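Asks: with the sequence up front, the predicted model follows.
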Amino acid sequence: MADSTGARTPLMAGNWKMNINHVEAVHLVQKLSWTLQDKKHDFERVEVAVLPPFTDLRSVQTLVDGDRMKIRYGAQDVSKYDAGAYTGEISAAMLAKLGCTYVLTGHSERRQYHHEDDALVNAKTVKALEAGLTPIVCVGEGLEIRKADGHVDHCLGQLDAALAGLKPDDVRKLVIAYEPVWAIGTGEVATPEDAQEVIAAIRSRIEETISPSVADSVRILYGGSVKMASAGGIMAQPDVDGCLVGGASLQVDEFAGICRYLDLQLGYSS
Ligand SMILES: O=C(CO)COP(=O)(O)O
């Protein structure tokens, strides 16, 4: 998504994972909104989203709508099925009805703990797009692959598979997230240059396989142990369009600081 000048609007998305019940969710989003409002955060300049567990979404929707908050929200997973006898699954249409903007697909924890493969990630991405949601498609390599210097090829392979069969206009709508598995929840942040290397390679791949204009407008995030202190350096990289934040998104002051990376860089009060 680009603004009126054609620039890509940065996105800071907080993936809460399996944390925060629906009562706590209301407090967290309320406090996040107050904190950002208090600091006069410009949501047009840096977009802010939270990705709570399914059970929180209705409460978050009610709060965001009721208080006309500019915070967007979405889900962490979606079914590849439309409806029917699929116990435990949640459809894309259900998420759209809840006012979700985003849904994660291909998160490494889904790939690891739920054995999701590239074909399933592709199917979920297609379903999300059909329902009018914006998939945040995650790719990333494990430590062994990184050590063997196979990280770029690995991520591009996951990207090609996730985007298989999508029309250029659908790819344009996506958000992509590069999350090196070795940097998730470990406190081990990839260097800004590591993030830039893979994210630039993803953009080039989209340029080659889809089109330069799609590559220019698609937003690509970095995720993995992002904190307020590291966000500015990562965001200074030319191809990085935002952060997918796990642990730090559970702490309002940290996450608000990440969303305000521009103000903090300029030395405004924190
Ligand atoms: O997996 C992540 C976000 O989706 C990153 O999590 P952490 O920020 O806790 O490393």
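Replies: That came through fine.

Asks: where's the closest residue to S79 other than its chain neighbours relative to I202, distance?
Replies: Nearest non-adjacent residue to S79, counting by C-beta to C-beta, 6 or more residues apart in numbering: E89, 3.8 Å away. C-betas here are computed from N, CA, C, even on glycine. In this view, E89 and I202 are 29 Å apart by C-beta to C-beta, to the nearest Å.

Asks: again, but for F43
Replies: Noted for F43: a distance of 26 Å to I202, by C-beta to C-beta.

Asks: who has more neighbours, these two?
Replies: Of the pair F43 and I202, I202 is the one with more neighbours under other C-beta atoms under 10 Å, namely 23 against 15.

Asks: is that one in contact with I220, as I believe?
Replies: Yes: if you go by C-beta atoms under 8 Å, I202 and I220 touch, sitting 5.6 Å apart.

Asks: so what sits against both of these two?
Replies: Here I202 and I220 share the contacting residues I176, Y178, scored by C-beta atoms under 8 Å, 6 or more residues apart in numbering.

Asks: over to M18: give its phi and psi.
Replies: Phi and psi for M18, reported as degrees, to the nearest 10, are phi -90, psi 60.

Asks: number of nearby residues for it?
Replies: Other residues near M18 number 7, with proximity taken as other C-beta under 10 Å.

Asks: same question, the one 5 residues further on
Replies: V23 sits with 10 neighbouring residues when counted by other C-beta under 10 Å.

Asks: now whatever residue of the stretch 1-150 of the chain ends up closest to the ligand: closest residue in space, sequence neighbours ignored.
Replies: Distance from the ligand to each residue of the stretch 1-150 of the chain (C-beta to the nearest ligand atom) is smallest for N15, at 3.7 Å. Counting by C-beta to C-beta, 6+ apart, L51 is the residue found nearest to N15 once chain neighbours are left out, at 4.7 Å.
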